[in-house]
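> Take a look and give me a structure for this.
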Amino acid sequence: MSASGDEHYDILVLGAGSGRMVLDEAVVSGRHTAIVDPGPYGGTCLNRGCIPTKMFLHVAGAAHGVPDLARLGVDAHVDEVRWADIRDRVFGRIDPFAAAGPEGAQGAGIDAYAAPARFTGPRRVVIGSGDDRVVATADQVVIATGAHPLVPEVVSRSGVPFHTSDTVMRLDKLPRRMLILGGGVVGVEMATLFGGLGVEITLVSRGPSLIRGIGPDIGRRFTDLMGRRWALHLGCELTALHQEEDGIHARCGDGTVLLADVVLVATGRWPTTADLGLESAGVDVDPGTGRVLVDEFGRTSAEGVWALGDVSSGRQLKHLANDQARTVRHNLLHPDALVPLRTKAIPSAVFSDPQLARVGDTLEEAIAAGTDAVAFTQRLSDTANGWALEDTTSVCTVVAERDTGRVLGAQLMAPQASSLIQPLIDAVAQGRSAREAATTQMWIHPAAMELVENALLGAAGAAATRPQG
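Take a look at the predicted model:
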(Lines give C-alpha, C1' and ligand atoms only; values in the text may rest on other atoms or scores of the structure.)
Protein backbone atom coordinates (compact mmCIF):
# COMPACT_ATOMS: atom_id res chain seq x y z
CA MET A 1 0.00 0.00 0.00
CA SER A 2 1.48 3.30 -0.99
CA ALA A 3 1.54 6.13 1.55
CA SER A 4 0.52 8.60 -1.15
CA GLY A 5 0.03 8.62 -4.89
CA ASP A 6 -1.93 6.24 -7.09
CA GLU A 7 -3.02 2.62 -6.67
CA HIS A 8 -4.98 0.30 -8.91
CA TYR A 9 -6.95 -2.60 -7.43
CA ASP A 10 -8.79 -5.56 -8.79
CA ILE A 11 -11.43 -5.15 -6.07
CA LEU A 12 -11.95 -2.16 -3.76
CA VAL A 13 -14.49 -2.33 -0.92
CA LEU A 14 -15.87 0.76 0.82
CA GLY A 15 -17.00 -0.17 4.31
CA ALA A 16 -15.54 -2.64 6.80
CA GLY A 17 -18.73 -4.04 8.28
CA SER A 18 -20.35 -6.74 6.15
CA GLY A 19 -18.25 -5.42 3.29
CA ARG A 20 -15.22 -7.08 4.86
CA MET A 21 -16.87 -10.47 4.19
CA VAL A 22 -16.54 -9.89 0.45
CA LEU A 23 -12.78 -10.18 0.71
CA ASP A 24 -12.38 -13.78 1.76
CA GLU A 25 -9.36 -15.93 0.95
CA ALA A 26 -10.73 -17.02 -2.42
CA VAL A 27 -11.23 -13.40 -3.52
CA VAL A 28 -7.95 -12.09 -2.13
CA SER A 29 -5.80 -14.90 -3.52
CA GLY A 30 -4.06 -13.70 -6.67
CA ARG A 31 -5.82 -10.33 -6.61
CA HIS A 32 -4.84 -6.85 -5.51
CA THR A 33 -7.58 -5.83 -3.06
CA ALA A 34 -8.30 -3.03 -0.61
CA ILE A 35 -10.82 -2.04 2.01
CA VAL A 36 -11.54 1.54 3.06
CA ASP A 37 -13.32 2.67 6.23
CA PRO A 38 -12.82 5.78 8.38
CA GLY A 39 -13.40 3.53 11.38
CA PRO A 40 -13.96 2.07 13.73
CA TYR A 41 -13.64 -1.13 11.74
CA GLY A 42 -16.43 -3.67 12.02
CA GLY A 43 -19.28 -1.33 11.12
CA THR A 44 -22.43 -0.59 13.08
CA CYS A 45 -23.03 -4.15 14.26
CA LEU A 46 -19.73 -4.55 16.08
CA ASN A 47 -19.27 -1.04 17.41
CA ARG A 48 -22.68 0.56 17.89
CA GLY A 49 -25.38 -2.01 17.21
CA CYS A 50 -26.08 -5.72 17.37
CA ILE A 51 -23.17 -6.92 19.48
CA PRO A 52 -22.81 -4.31 22.23
CA THR A 53 -26.58 -3.97 22.64
CA LYS A 54 -26.98 -7.71 23.20
CA MET A 55 -24.12 -7.72 25.69
CA PHE A 56 -25.86 -4.93 27.60
CA LEU A 57 -29.29 -6.54 27.22
CA HIS A 58 -28.04 -9.77 28.79
CA VAL A 59 -27.17 -7.83 31.95
CA ALA A 60 -30.36 -5.76 31.84
CA GLY A 61 -32.46 -8.89 31.48
CA ALA A 62 -30.82 -10.49 34.49
CA ALA A 63 -31.35 -7.37 36.62
CA HIS A 64 -34.92 -6.84 35.45
CA GLY A 65 -35.83 -10.46 36.18
CA VAL A 66 -34.76 -10.42 39.83
CA PRO A 67 -37.90 -8.77 41.28
CA ASP A 68 -40.08 -11.12 39.23
CA LEU A 69 -38.69 -14.09 41.14
CA ALA A 70 -41.00 -13.24 44.06
CA ARG A 71 -44.03 -14.72 42.30
CA LEU A 72 -42.11 -17.99 42.00
CA GLY A 73 -41.31 -18.08 45.72
CA VAL A 74 -37.82 -16.55 45.67
CA ASP A 75 -37.29 -13.18 47.38
CA ALA A 76 -34.34 -11.26 45.96
CA HIS A 77 -33.35 -7.74 45.03
CA VAL A 78 -30.69 -5.84 43.06
CA ASP A 79 -28.35 -3.99 45.40
CA GLU A 80 -26.58 -1.86 42.81
CA VAL A 81 -26.05 -1.47 39.09
CA ARG A 82 -22.40 -0.66 38.42
CA TRP A 83 -22.88 1.01 35.07
CA ALA A 84 -19.24 1.91 34.52
CA ASP A 85 -18.20 -1.71 35.11
CA ILE A 86 -20.86 -2.99 32.73
CA ARG A 87 -19.96 -0.45 30.04
CA ASP A 88 -16.22 -1.00 30.35
CA ARG A 89 -16.57 -4.78 30.20
CA VAL A 90 -18.56 -4.50 26.94
CA PHE A 91 -16.33 -2.02 25.17
CA GLY A 92 -13.21 -3.49 26.72
CA ARG A 93 -13.84 -6.44 24.43
CA ILE A 94 -15.23 -4.61 21.41
CA ASP A 95 -12.84 -1.67 21.07
CA PRO A 96 -9.60 -3.69 20.85
CA PHE A 97 -11.23 -6.00 18.30
CA ALA A 98 -12.26 -3.03 16.15
CA ALA A 99 -8.86 -1.38 16.54
CA ALA A 100 -7.16 -4.53 15.27
CA GLY A 101 -9.30 -4.57 12.12
CA PRO A 102 -6.92 -2.78 9.74
CA GLU A 103 -3.95 -4.83 10.92
CA GLY A 104 -5.98 -8.02 10.49
CA ALA A 105 -6.89 -7.04 6.95
CA GLN A 106 -3.26 -6.29 6.14
CA GLY A 107 -2.28 -9.67 7.53
CA ALA A 108 -4.76 -11.29 5.15
CA GLY A 109 -3.14 -9.57 2.17
CA ILE A 110 -5.63 -6.71 1.88
CA ASP A 111 -4.59 -3.07 1.72
CA ALA A 112 -6.50 -1.36 4.55
CA TYR A 113 -7.17 2.37 4.71
CA ALA A 114 -8.57 3.93 7.89
CA ALA A 115 -9.78 7.07 6.13
CA PRO A 116 -12.84 8.49 4.35
CA ALA A 117 -13.21 7.93 0.62
CA ARG A 118 -14.96 9.78 -2.16
CA PHE A 119 -15.59 8.97 -5.82
CA THR A 120 -14.16 11.46 -8.27
CA GLY A 121 -15.02 9.48 -11.38
CA PRO A 122 -16.08 6.02 -12.58
CA ARG A 123 -14.41 3.50 -10.26
CA ARG A 124 -11.98 6.22 -9.18
CA VAL A 125 -11.77 7.03 -5.47
CA VAL A 126 -9.78 9.54 -3.46
CA ILE A 127 -8.87 8.12 -0.06
CA GLY A 128 -7.87 10.41 2.79
CA SER A 129 -6.38 13.87 2.35
CA GLY A 130 -3.19 15.84 2.55
CA ASP A 131 0.12 14.04 2.35
CA ASP A 132 -1.54 10.67 2.95
CA ARG A 133 -3.99 11.13 0.09
CA VAL A 134 -4.28 8.13 -2.24
CA VAL A 135 -6.04 8.07 -5.59
CA ALA A 136 -7.31 4.55 -6.16
CA THR A 137 -8.90 3.03 -9.23
CA ALA A 138 -10.37 -0.44 -9.42
CA ASP A 139 -11.85 -2.94 -11.81
CA GLN A 140 -14.65 -3.62 -9.31
CA VAL A 141 -15.88 -1.47 -6.43
CA VAL A 142 -18.26 -2.61 -3.68
CA ILE A 143 -20.15 0.03 -1.70
CA ALA A 144 -20.99 -1.20 1.81
CA THR A 145 -20.94 2.01 3.84
CA GLY A 146 -24.01 1.20 5.95
CA ALA A 147 -26.36 3.71 7.53
CA HIS A 148 -26.37 6.29 10.31
CA PRO A 149 -28.95 7.68 12.77
CA LEU A 150 -31.52 10.08 11.36
CA VAL A 151 -32.12 13.08 13.64
CA PRO A 152 -35.37 15.08 13.30
CA GLU A 153 -34.96 18.80 12.71
CA VAL A 154 -36.94 19.62 15.86
CA VAL A 155 -34.15 17.96 17.85
CA SER A 156 -31.13 19.17 15.89
CA ARG A 157 -32.22 22.80 15.88
CA SER A 158 -33.17 22.83 19.58
CA GLY A 159 -29.61 23.08 20.84
CA VAL A 160 -30.41 20.49 23.50
CA PRO A 161 -27.76 17.77 23.89
CA PHE A 162 -29.01 14.39 22.71
CA HIS A 163 -27.78 10.89 22.09
CA THR A 164 -28.30 8.31 19.36
CA SER A 165 -27.58 4.59 19.45
CA ASP A 166 -24.05 5.53 18.32
CA THR A 167 -23.29 7.25 21.62
CA VAL A 168 -25.81 6.36 24.33
CA MET A 169 -24.13 3.11 25.39
CA ARG A 170 -21.01 5.09 26.32
CA LEU A 171 -22.75 7.39 28.82
CA ASP A 172 -20.63 8.36 31.83
CA LYS A 173 -23.40 7.41 34.22
CA LEU A 174 -26.95 6.14 34.17
CA PRO A 175 -29.56 8.91 34.14
CA ARG A 176 -32.61 8.80 36.35
CA ARG A 177 -34.96 9.62 33.47
CA MET A 178 -34.56 8.91 29.74
CA LEU A 179 -36.77 10.16 26.93
CA ILE A 180 -36.66 7.91 23.86
CA LEU A 181 -37.95 9.26 20.55
CA GLY A 182 -39.05 6.37 18.35
CA GLY A 183 -40.99 3.15 18.88
CA GLY A 184 -39.12 0.96 16.41
CA VAL A 185 -36.47 -1.68 16.98
CA VAL A 186 -33.73 0.65 18.24
CA GLY A 187 -36.06 2.57 20.55
CA VAL A 188 -37.58 -0.56 22.05
CA GLU A 189 -34.26 -2.34 22.54
CA MET A 190 -32.74 0.71 24.21
CA ALA A 191 -35.80 1.10 26.43
CA THR A 192 -35.41 -2.56 27.40
CA LEU A 193 -31.71 -2.06 28.10
CA PHE A 194 -31.88 1.10 30.19
CA GLY A 195 -35.26 0.33 31.74
CA GLY A 196 -33.94 -3.05 32.84
CA LEU A 197 -31.10 -1.27 34.65
CA GLY A 198 -33.51 0.95 36.56
CA VAL A 199 -33.83 4.06 34.38
CA GLU A 200 -37.30 5.62 34.17
CA ILE A 201 -38.30 5.36 30.50
CA THR A 202 -40.60 7.69 28.62
CA LEU A 203 -41.06 6.64 24.99
CA VAL A 204 -42.62 8.85 22.35
CA SER A 205 -43.72 7.48 18.98
CA ARG A 206 -45.76 8.88 16.13
CA GLY A 207 -47.31 5.48 15.47
CA PRO A 208 -50.27 3.93 17.33
CA SER A 209 -48.21 0.96 18.56
CA LEU A 210 -44.65 -0.21 19.03
CA ILE A 211 -42.70 -2.20 16.41
CA ARG A 212 -44.50 -1.63 13.15
CA GLY A 213 -44.47 -4.77 11.01
CA ILE A 214 -44.86 -7.44 13.67
CA GLY A 215 -48.59 -7.66 12.86
CA PRO A 216 -51.52 -5.92 14.57
CA ASP A 217 -52.32 -8.72 17.03
CA ILE A 218 -48.83 -9.24 18.45
CA GLY A 219 -48.14 -5.53 18.06
CA ARG A 220 -51.10 -4.77 20.32
CA ARG A 221 -50.13 -7.44 22.83
CA PHE A 222 -46.55 -6.19 22.98
CA THR A 223 -47.51 -2.53 23.24
CA ASP A 224 -49.94 -3.26 26.09
CA LEU A 225 -47.25 -5.22 27.92
CA MET A 226 -44.59 -2.52 27.52
CA GLY A 227 -47.10 0.12 28.60
CA ARG A 228 -47.00 -1.45 32.06
CA ARG A 229 -43.23 -0.78 32.27
CA TRP A 230 -42.65 2.45 30.42
CA ALA A 231 -44.54 5.72 30.04
CA LEU A 232 -45.74 5.42 26.43
CA HIS A 233 -46.92 8.42 24.43
CA LEU A 234 -48.15 6.99 21.15
CA GLY A 235 -49.52 8.94 18.23
CA CYS A 236 -47.41 11.80 19.56
CA GLU A 237 -45.49 14.34 17.48
CA LEU A 238 -42.58 16.10 19.20
CA THR A 239 -42.88 19.85 18.62
CA ALA A 240 -40.24 21.38 20.91
CA LEU A 241 -37.28 20.54 23.11
CA HIS A 242 -35.85 22.84 25.82
CA GLN A 243 -33.23 22.57 28.54
CA GLU A 244 -34.50 23.83 31.90
CA GLU A 245 -33.13 23.72 35.45
CA ASP A 246 -35.12 20.63 36.34
CA GLY A 247 -34.18 18.74 33.18
CA ILE A 248 -35.03 18.56 29.50
CA HIS A 249 -38.58 19.55 28.60
CA ALA A 250 -40.13 17.88 25.56
CA ARG A 251 -43.43 19.18 24.25
CA CYS A 252 -45.79 17.05 22.17
CA GLY A 253 -48.35 18.23 19.66
CA ASP A 254 -51.18 17.70 22.11
CA GLY A 255 -49.53 20.05 24.61
CA THR A 256 -48.14 17.34 26.87
CA VAL A 257 -44.78 18.24 28.42
CA LEU A 258 -42.40 15.41 29.27
CA LEU A 259 -39.33 15.61 31.51
CA ALA A 260 -36.04 13.78 31.11
CA ASP A 261 -32.35 13.94 31.97
CA VAL A 262 -31.18 12.32 28.72
CA VAL A 263 -32.78 12.27 25.27
CA LEU A 264 -32.18 9.34 22.94
CA VAL A 265 -33.12 9.79 19.29
CA ALA A 266 -34.17 6.50 17.68
CA THR A 267 -36.29 7.72 14.78
CA GLY A 268 -34.66 5.74 12.00
CA ARG A 269 -31.41 5.34 10.07
CA TRP A 270 -30.39 6.83 6.73
CA PRO A 271 -28.02 5.22 4.20
CA THR A 272 -24.51 6.69 4.42
CA THR A 273 -24.06 8.08 0.92
CA ALA A 274 -23.99 11.87 1.31
CA ASP A 275 -20.22 12.37 1.07
CA LEU A 276 -19.35 9.50 -1.28
CA GLY A 277 -19.52 11.48 -4.53
CA LEU A 278 -21.82 8.89 -6.06
CA GLU A 279 -22.90 11.28 -8.80
CA SER A 280 -19.30 11.35 -10.04
CA ALA A 281 -19.29 7.55 -10.10
CA GLY A 282 -22.53 7.33 -12.06
CA VAL A 283 -24.26 5.53 -9.19
CA ASP A 284 -28.00 6.21 -8.93
CA VAL A 285 -29.62 6.83 -5.54
CA ASP A 286 -33.32 6.76 -4.66
CA PRO A 287 -34.01 10.34 -3.51
CA GLY A 288 -36.91 9.25 -1.32
CA THR A 289 -35.01 6.69 0.71
CA GLY A 290 -31.38 7.64 0.17
CA ARG A 291 -30.59 4.06 -0.84
CA VAL A 292 -28.17 3.12 -3.60
CA LEU A 293 -30.22 1.45 -6.32
CA VAL A 294 -29.17 -2.08 -7.24
CA ASP A 295 -30.49 -4.77 -9.54
CA GLU A 296 -31.31 -8.34 -8.52
CA PHE A 297 -27.62 -9.27 -8.48
CA GLY A 298 -26.40 -6.30 -6.41
CA ARG A 299 -25.11 -4.25 -9.36
CA THR A 300 -25.54 -0.47 -9.30
CA SER A 301 -26.20 1.72 -12.33
CA ALA A 302 -22.42 2.14 -12.81
CA GLU A 303 -20.49 -0.60 -14.54
CA GLY A 304 -18.28 -2.53 -12.16
CA VAL A 305 -19.82 -0.99 -9.03
CA TRP A 306 -21.83 -3.08 -6.56
CA ALA A 307 -23.63 -2.31 -3.31
CA LEU A 308 -24.85 -4.32 -0.35
CA GLY A 309 -26.25 -4.00 3.14
CA ASP A 310 -27.91 -1.00 4.75
CA VAL A 311 -26.67 1.42 2.10
CA SER A 312 -28.84 -0.27 -0.54
CA SER A 313 -31.28 -2.59 1.22
CA GLY A 314 -34.84 -1.77 2.20
CA ARG A 315 -34.37 -3.81 5.38
CA GLN A 316 -31.47 -2.89 7.62
CA LEU A 317 -30.48 -6.25 9.08
CA LYS A 318 -26.98 -7.51 9.75
CA HIS A 319 -27.74 -11.08 8.71
CA LEU A 320 -29.23 -9.80 5.47
CA ALA A 321 -26.13 -7.68 4.81
CA ASN A 322 -23.94 -10.72 5.47
CA ASP A 323 -26.01 -12.82 3.10
CA GLN A 324 -25.75 -10.13 0.42
CA ALA A 325 -21.98 -9.97 0.95
CA ARG A 326 -21.75 -13.70 0.22
CA THR A 327 -23.86 -13.25 -2.91
CA VAL A 328 -21.84 -10.29 -4.20
CA ARG A 329 -18.63 -12.22 -3.47
CA HIS A 330 -19.90 -15.12 -5.57
CA ASN A 331 -20.86 -12.77 -8.38
CA LEU A 332 -17.45 -11.12 -8.38
CA LEU A 333 -15.81 -14.52 -8.71
CA HIS A 334 -18.32 -15.89 -11.24
CA PRO A 335 -19.38 -13.06 -13.58
CA ASP A 336 -20.84 -15.57 -16.04
CA ALA A 337 -22.95 -17.35 -13.42
CA LEU A 338 -24.54 -14.58 -11.38
CA VAL A 339 -26.94 -15.47 -8.58
CA PRO A 340 -29.62 -13.08 -7.29
CA LEU A 341 -29.79 -11.52 -3.87
CA ARG A 342 -32.04 -13.41 -1.50
CA THR A 343 -35.50 -11.86 -1.19
CA LYS A 344 -37.54 -14.66 0.39
CA ALA A 345 -37.84 -15.73 4.02
CA ILE A 346 -35.84 -12.85 5.46
CA PRO A 347 -36.28 -13.05 9.24
CA SER A 348 -35.99 -10.31 11.82
CA ALA A 349 -36.02 -10.10 15.60
CA VAL A 350 -36.29 -7.53 18.35
CA PHE A 351 -34.24 -8.34 21.44
CA SER A 352 -36.75 -6.89 23.86
CA ASP A 353 -38.18 -8.67 26.90
CA PRO A 354 -39.96 -10.74 25.71
CA GLN A 355 -38.32 -10.98 22.33
CA LEU A 356 -40.19 -10.51 19.05
CA ALA A 357 -39.47 -12.30 15.78
CA ARG A 358 -41.06 -12.62 12.37
CA VAL A 359 -40.55 -14.11 8.94
CA GLY A 360 -42.63 -13.91 5.79
CA ASP A 361 -46.13 -12.42 5.72
CA THR A 362 -48.53 -11.43 8.43
CA LEU A 363 -52.13 -12.51 7.82
CA GLU A 364 -53.02 -8.98 6.74
CA GLU A 365 -50.13 -8.86 4.26
CA ALA A 366 -51.01 -12.24 2.78
CA ILE A 367 -54.65 -11.27 2.29
CA ALA A 368 -53.65 -7.89 0.80
CA ALA A 369 -51.51 -9.81 -1.71
CA GLY A 370 -54.58 -11.74 -2.83
CA THR A 371 -53.85 -15.00 -1.02
CA ASP A 372 -56.59 -17.02 0.64
CA ALA A 373 -54.78 -17.26 3.96
CA VAL A 374 -55.55 -18.29 7.52
CA ALA A 375 -53.69 -17.83 10.79
CA PHE A 376 -53.50 -19.70 14.08
CA THR A 377 -52.13 -18.31 17.33
CA GLN A 378 -50.74 -20.64 20.00
CA ARG A 379 -50.12 -19.51 23.56
CA LEU A 380 -47.02 -20.67 25.42
CA SER A 381 -49.14 -20.90 28.56
CA ASP A 382 -50.91 -23.90 27.00
CA THR A 383 -47.66 -25.89 26.90
CA ALA A 384 -45.72 -27.55 29.68
CA ASN A 385 -42.84 -25.13 29.23
CA GLY A 386 -45.22 -22.24 29.69
CA TRP A 387 -46.41 -23.79 32.95
CA ALA A 388 -42.82 -24.03 34.15
CA LEU A 389 -42.17 -20.39 33.33
CA GLU A 390 -45.57 -19.21 34.64
CA ASP A 391 -45.75 -17.42 31.30
CA THR A 392 -49.02 -15.66 30.50
CA THR A 393 -48.09 -13.46 27.53
CA SER A 394 -46.04 -15.41 24.97
CA VAL A 395 -47.61 -16.41 21.65
CA CYS A 396 -46.72 -17.76 18.22
CA THR A 397 -48.82 -17.04 15.12
CA VAL A 398 -48.42 -19.10 11.95
CA VAL A 399 -49.91 -17.87 8.66
CA ALA A 400 -50.74 -20.49 6.03
CA GLU A 401 -52.30 -20.71 2.58
CA ARG A 402 -55.71 -22.30 2.85
CA ASP A 403 -55.63 -24.67 -0.12
CA THR A 404 -52.11 -26.02 0.35
CA GLY A 405 -51.37 -25.36 4.01
CA ARG A 406 -48.09 -23.79 2.86
CA VAL A 407 -46.49 -21.65 5.57
CA LEU A 408 -46.49 -18.04 4.42
CA GLY A 409 -45.16 -16.42 7.55
CA ALA A 410 -44.95 -16.42 11.33
CA GLN A 411 -44.66 -13.99 14.21
CA LEU A 412 -43.60 -14.67 17.80
CA MET A 413 -43.56 -12.87 21.12
CA ALA A 414 -41.73 -15.11 23.57
CA PRO A 415 -38.50 -15.61 25.48
CA GLN A 416 -35.80 -16.46 22.91
CA ALA A 417 -38.18 -15.82 20.01
CA SER A 418 -35.11 -15.05 17.87
CA SER A 419 -34.13 -18.74 18.16
CA LEU A 420 -37.59 -20.31 18.31
CA ILE A 421 -38.46 -18.91 14.88
CA GLN A 422 -35.76 -20.87 13.04
CA PRO A 423 -37.94 -23.89 12.04
CA LEU A 424 -40.51 -21.41 10.73
CA ILE A 425 -37.87 -19.63 8.67
CA ASP A 426 -37.02 -23.00 7.14
CA ALA A 427 -40.69 -23.75 6.44
CA VAL A 428 -41.18 -20.44 4.62
CA ALA A 429 -37.89 -20.73 2.72
CA GLN A 430 -38.60 -24.30 1.59
CA GLY A 431 -42.30 -23.78 0.87
CA ARG A 432 -43.35 -26.50 3.32
CA SER A 433 -46.88 -27.02 4.50
CA ALA A 434 -47.60 -26.43 8.16
CA ARG A 435 -48.46 -30.10 8.67
CA GLU A 436 -45.28 -31.29 6.98
CA ALA A 437 -43.14 -28.91 9.04
CA ALA A 438 -44.81 -30.13 12.24
CA THR A 439 -44.96 -33.89 11.65
CA THR A 440 -41.78 -34.83 9.78
CA GLN A 441 -39.58 -34.29 12.83
CA MET A 442 -39.73 -34.77 16.58
CA TRP A 443 -40.00 -31.88 19.02
CA ILE A 444 -38.39 -32.17 22.44
CA HIS A 445 -40.83 -32.26 25.35
CA PRO A 446 -41.27 -30.19 27.44
CA ALA A 447 -39.26 -27.55 25.62
CA ALA A 448 -40.36 -24.10 24.50
CA MET A 449 -40.14 -25.29 20.88
CA GLU A 450 -43.48 -27.07 21.40
CA LEU A 451 -44.96 -23.59 21.07
CA VAL A 452 -43.89 -23.64 17.42
CA GLU A 453 -44.98 -27.26 16.88
CA ASN A 454 -48.48 -26.60 18.20
CA ALA A 455 -48.79 -23.36 16.25
CA LEU A 456 -47.94 -25.25 13.05
CA LEU A 457 -50.48 -27.97 13.83
CA GLY A 458 -53.10 -25.35 14.60
CA ALA A 459 -52.40 -23.56 11.32
CA ALA A 460 -52.62 -26.87 9.45
CA GLY A 461 -56.02 -27.47 10.98
CA ALA A 462 -57.22 -23.99 10.19
CA ALA A 463 -56.05 -24.31 6.57
CA ALA A 464 -57.96 -27.56 6.18
CA THR A 465 -61.20 -25.99 7.43
CA ARG A 466 -63.32 -24.46 4.73
CA PRO A 467 -65.08 -21.17 5.54
CA GLN A 468 -68.82 -21.41 6.15
CA GLY A 469 -71.30 -19.93 3.72
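> ok, so what distance separates the closest residue to L203 other than its chain neighbours from L241?
Spatially, and ignoring its direct neighbours in sequence, L203 is nearest to I180 (4.6 Å; CB to CB, 6 or more residues apart in numbering). Glycine gets a C-beta too; all of them are placed from N, C-alpha and C. Plainly put, I180 is 13 Å away from L241 if you go by CB to CB, to the nearest Å.
> What pLDDT is listed against the closest residue to R176 other than its chain neighbours?
Residue nearest to R176 in three dimensions, not counting chain neighbours: D261, with 5.6 Å by CB to CB, 6+ apart. Here, the pLDDT recorded for D261 equals 97.
> got it, and the one 10 residues further on?
Per-residue confidence (pLDDT) for P271: 97.
> Any idea what it is bridged to?
Beta-bridge partners recorded for P271 (DSSP bridges): A147.
> tell me the contacts of it?
145-147, 285, 289-292, 310-312 (CB atoms under 8 Å, 6 or more residues apart in numbering).
> try S418
For S418, the contact set (CB under 8 Å, 6+ apart) comprises 349, 351, 355, 357.
> do Q378 as well
So Q378 contacts 395-398, 451, 454-455, 458 (CB under 8 Å, 6+ apart).
> Narrow those to those in helices?
If you go by DSSP state H, the contacts of Q378 have 451, 454-455, 458 in helices.
> okay, the residues you listed in CSV with pLDDT, distance to E364 and neighbour count next?
Below are the ones in helices among the contacts of Q378 laid out as CSV (pLDDT from 0 to 100; distance: CB to CB, whole Å; neighbours: other CB atoms under 10 Å):
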residue, pLDDT, distance to E364, neighbour count
L451, 98, 22, 26
N454, 98, 23, 20
A455, 98, 18, 27
G458, 97, 18, 21
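> So which of those is the closest to S280?
Closest approach to S280 among these (CB to CB): A455, at 52.0 Å.
> Confirm for me that the closest one is in contact with A400.
No. If you go by CB atoms under 8 Å, A455 and A400 don't touch, sitting 10.2 Å apart.
> Touching both of those two, which residues are there?
With CB under 8 Å, 6+ apart, A455 and A400 have common neighbours F376.
> how is this protein carved up into domains?
The record's domain split for the chain, according to automatic domain parsing, is 5-149+271-333, 153-267, 348-464.
> I'd like those written out as TSV, with distance to R342 added.
Below are those laid out as TSV (distance: least, CB to CB, whole Å):
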stretch	distance to R342
domain 5-149+271-333	5
domain 153-267	18
domain 348-464	9
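> Which stretch among the ones you listed approaches L341 most closely?
Counting by CB to CB, and looking across all of the domains of the chain, nearest comes domain 5-149+271-333 at 5.3 Å.
> and D275, what does it touch?
116, 118.
> Could you report the separation of it from D403?
Taken as CB to CB, the span from D275 to D403 is 52 Å.
> and if you look at S156?
Counting by CB to CB, the gap from S156 to D403 is 52 Å.
> again, but for G282
Counting by CB to CB, the gap from G282 to D403 is 47 Å.
> Compare neighbour counts for these two and give me the winner.
Using other CB atoms under 10 Å, the more surrounded residue of G282 and D403 is G282, with 15 against 12.
> low pLDDT regions in the stretch 351-469 of the chain?
468-469 (pLDDT under 70).
> All the helices of it, in order from the start?
Taking DSSP state H, counting those that start in this stretch, the helices of the stretch 351-469 of the chain run over residues 363-368, 384-389, 417-420, 422-430, 434-439, 450-464.
> V374 is nearest to which of those helices?
Between V374 and those, the shortest gap by CB to CB is with helix 450-464, which sits at 4.3 Å.
> buried sites along the closest one?
For helix 450-464, a neighbour-count test (16 or more other CB atoms under 10 Å) marks 450-460, 462-463 as buried.
> same question, stretch 413-426
In stretch 413-426, counting by 16+ other CB under 10 Å, buried: 413-418, 420-421, 423-425.
> Ok, stretch 429-443 next?
Going by neighbour count (16+ other CB under 10 Å), the buried part of stretch 429-443 is 429, 432-438, 443.
> which one of those residues is nearest V151?
The closest of the buried residues of stretch 429-443 to V151 turns out to be A429 (CB to CB; 36.7 Å).
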